[in-house]
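Participant: sequence and predicted model, in that order:
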Number of protein chains: 2
Amino acid sequence: MKVMILGADGYLGWPLALRLMAKGHDVIGVDNFATRKSVEEVGSDSAIPILGMPDRVRAAKDIHGYKMKFHEGDITKYEFLHKVIKEERPDTVVHFAEQRSAPYSMINAKHASYTMSNNIIGTINLVYAIMELDPKIHVVKMATMGEYGTPNFDIPESAFVDADINGKTDRITTPKFGGSWYHWTKVHDTNNLLFANKVWKITTTNIFQGPVYGTRTKEITDEKLHSRFDFDEVWGTVVNRFCAEAVLGIPLTAYGAGGQIRGYLSLEDSMEALNLLIENPAQRGEHRTANQFVELLSINDIADIVKKAAKKQGIDIEVQHLDNPRVEADRHYYNPKIKVLPDLGFKPKLKMADLAPQLIKDLIPYRQRIERFRDRIMPHTQWRRVENAR
Amino acid sequence: MKVMILGADGYLGWPLALRLMAKGHDVIGVDNFATRKSVEEVGSDSAIPILGMPDRVRAAKDIHGYKMKFHEGDITKYEFLHKVIKEERPDTVVHFAEQRSAPYSMINAKHASYTMSNNIIGTINLVYAIMELDPKIHVVKMATMGEYGTPNFDIPESAFVDADINGKTDRITTPKFGGSWYHWTKVHDTNNLLFANKVWKITTTNIFQGPVYGTRTKEITDEKLHSRFDFDEVWGTVVNRFCAEAVLGIPLTAYGAGGQIRGYLSLEDSMEALNLLIENPAQRGEHRTANQFVELLSINDIADIVKKAAKKQGIDIEVQHLDNPRVEADRHYYNPKIKVLPDLGFKPKLKMADLAPQLIKDLIPYRQRIERFRDRIMPHTQWRRVENAR
């Protein structure tokens, strides 16, 4: 299968390129290196050093014999995206090329607008290019479980759901409510993809994934093949950030009382799930929704897991509950369904409690690097800007 | 009251400026003249000639003694919008500065992207500028009844609604499904406004208006004060397009079987409703939803009204049912509620059947102008692009 990955330089994009090549697929990477630049912009860096793309491609060749093609470019430029798809004629386009940080989107008007236009225009360009060039191409788009917020209903695995509203029944888009501008761009993308599917029958798999953690996949057998690992308040998701904090021996920065529940999965399990969805595409003309997570855990559960894992490495740490910079519910119902991936044979390999000790061990050699960006860990980006709300 | 109108050069913006000044309010207009340029781009023009903004402002002064301020600029540039709001310190900002044509948004990738970024970024910039400068400012935003599509439930007049989903009850955003990229930008705007209200308590009135028709308001007493009047397939909404067709004596271009029902209102009634919502603002920190229409009519009802009105002017015309270029239901349930405006004292003055003869009469002097753009009336923009969907 010929798979194009938009965002092939990212935390998920690079390991997915390796996984797909390991499975014998042809991979064409595309990236504009926006994440590298934006992480640098907030004064941070990946905890684990990563090579530049030409060296990554060379390392994949030298170590595993994988041959990967790569195009540098920005998919919000229609001509560029149209050209690479026309040249490469992939069977599948995996779309990861979005600004992926909720705090980054909340910094100010400029960052909110950038997130809106980067994410929305990239997706619009993709459906147009595919409609114009070859509607047989399967779009695999990274959505997020965060689109749903924390609803009182069971989160279905479908784009539409039957609802009873004031005594009348209708089939509606599954209700969503984002928790940041970033999350809203993903909601907008999902809606735009549903419309593209309605008018042009674009074949789509829209993946509602929970937060991913970890440093390794089967193919990351050499430090030259590492994926990026962000841990600062803007770019680091909770588990990875906690593990970096553990390595520094500083308290884990839990936001609020810690009752927030989400569905988590490891980088290795994410790769396996993505490979299954790519190798088993949606039906021609179908918009398929897949929920993707392994364990439902609260922030307090995670803090506990990381604390115990740190102890195994001889590190004693505390949990510090900070005022939550975000606007989110601390106690809530949460029951997302998952059936598409299990039906395709998805079997998670590791739980967080099993993997956390190794994750911390992997970070210990980079303690000094992490130490350099220590001041980037505490939350600076506040959702509420109460100083003006008078 | 000091009211800033973003999009003050438009079909609604200009008559609203006149209406508010007639009511004794201070009006500051803002526009980048995008509509004039985009109508020219598709090879069309306003049926009724309109003056440029400096001449409009002068005519309003000479004829009525109104003193209007105007700033030319693009609200998708944050610095510009921030600067004019900071300088002018309005009590209310009316936001009409959006690309408002569904067919224009469906032309191609470039037009879809322009519509997405123009509309979404303008609204994001507005909520940021108000949050940073003065959260007391009331945002009056033009949404559209089209955000709802044609649902089986009764369309409530509220941003949220209780829904029963698989046996569980939750309060969800009122379900929406746009019929074009343009309509989706309005859905995205509504969601973004709800989020801005949640995190920053931005005071908002979000107006779900139906299609507006007509040439006149009480203040348009001189041809120098006319508002634009679009009639081509891209920019002309259905009633105005039908009346222009009647003036040419050509068949009315009804899309599909003509069963599509929407809520219509005249330009005069729209101005009165808008004035009421501005003079009676939402509560501080409230997100208020107002539905705004006068009559529920089908395309066939409208064709019938225009046909009869033309007959009164001695013009015999037929109705031509074209293959619907849009993707929309031809027979459907439609029951939107309306209470906010009636509770404020809104009393519609004219029904379409009363107003249509005068509308046609107003267009007759411009018959030759309309004739020049006759080839711009038939639909060219197809929602489905079946040639590639194989």
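Facilitator: Structure's in. What do you need?
Participant: ranges for the strands of chain A?
Facilitator: With DSSP state E as the criterion, chain A has strands at A:2-6, A:26-31, A:68-72, A:92-95, A:138-142, A:160-165, A:168-173, A:204-209, A:212-213, A:252-255, A:261-266, A:287-292, A:295-298, A:319-322.
Participant: enumerate every residue touching the nearest residue to residue A:202 once chain neighbours are set aside.
Facilitator: Leaving out its chain neighbours, the residue that sits closest to residue A:202 by CB to CB, 6 or more residues apart in numbering or on different chains is residue A:196, at 4.6 Å. All C-beta atoms are positioned from the backbone trio N, CA, C, and that covers glycine. By CB atoms under 8 Å, 6 or more residues apart in numbering or on different chains, the contact list for residue A:196 reads A:127, A:131, A:202, A:204.
Participant: and the residues you listed, which is closest to chain B?
Facilitator: Closest approach to chain B among the contacts of residue A:196 (CB to the nearest CB): residue A:131, at 5.8 Å.
Participant: any idea how far residue A:241 is from chain B?
Facilitator: Per CB to the nearest CB, to the nearest Å, residue A:241 is found 22 Å from chain B.
Participant: scratch that, residue A:263
Facilitator: 18 Å.
Participant: how about residue A:310?
Facilitator: Taking CB to the nearest CB, one finds residue A:310 at 34 Å from chain B.
Participant: count the neighbours of the closest residue to that residue other than its chain neighbours for me.
Facilitator: Among residues not flanking residue A:310 along the chain, residue A:246 sits closest, at 3.9 Å (CB to CB, 6+ apart). As a burial measure, residue A:246 scores 25 neighbours (other CB atoms under 10 Å in any protein chain shown).
Participant: got the contact list for residue A:246?
Facilitator: Contacts for residue A:246 (CB under 8 Å, 6+ apart) come out as A:252, A:306, A:307, A:309, A:310, A:313, A:315, A:317, A:360.
Participant: how close does it sit to chain B?
Facilitator: For residue A:246, the distance to chain B (CB to the nearest CB) stands at 31 Å.
Participant: can you pick out the most distant pair from the contacts of residue A:196?
Facilitator: A:131 and A:204 (11.9 Å; CB to CB).
Participant: these two - which one has more neighbours?
Facilitator: A side-by-side neighbour count of residue A:131 and residue A:204, using other CB under 10 Å, places residue A:204 first with 26 against 19.
Participant: looking at strand pairing, list the partners for that one.
Facilitator: Bridge pairing for residue A:204 (DSSP bridges) gives the partners residue A:139, residue A:287.
Participant: neighbours around residue A:349, how many?
Facilitator: 12.
Participant: sorry, wrong one. I was asking about residue A:284.
Facilitator: Going by other CB under 10 Å, the residues that sit close to residue A:284 add up to 10.
Participant: all helices of chain A, in order?
Facilitator: With DSSP state H as the criterion, chain A has helices at A:13-22, A:34-41, A:53-64, A:78-88, A:102-105, A:109-133, A:181-200, A:238-248, A:267-279, A:299-312, A:340-343, A:352-363, A:367-372.
Participant: what residues sit buried inside the longest one?
Facilitator: Neighbour counts using 16 or more other CB atoms under 10 Å in any protein chain shown place A:109, A:111-132 of helix A:109-133 among the buried residues.
Participant: mind giving me the packing neighbours of it?
Facilitator: helix A:78-88, strand A:92-95, helix A:102-105, strand A:138-142, helix A:181-200, helix B:78-88, helix B:109-133 (3 or more CB pairs under 8 Å, 6 or more residues apart in numbering or on different chains; DSSP states H and E).
Participant: partner strands of the second one and their direction?
Facilitator: Each strand pairing with strand A:92-95, determined using DSSP bridges, is listed with its direction: strand A:2-6 (parallel), strand A:138-142 (parallel).
Participant: much appreciated, bye for now.
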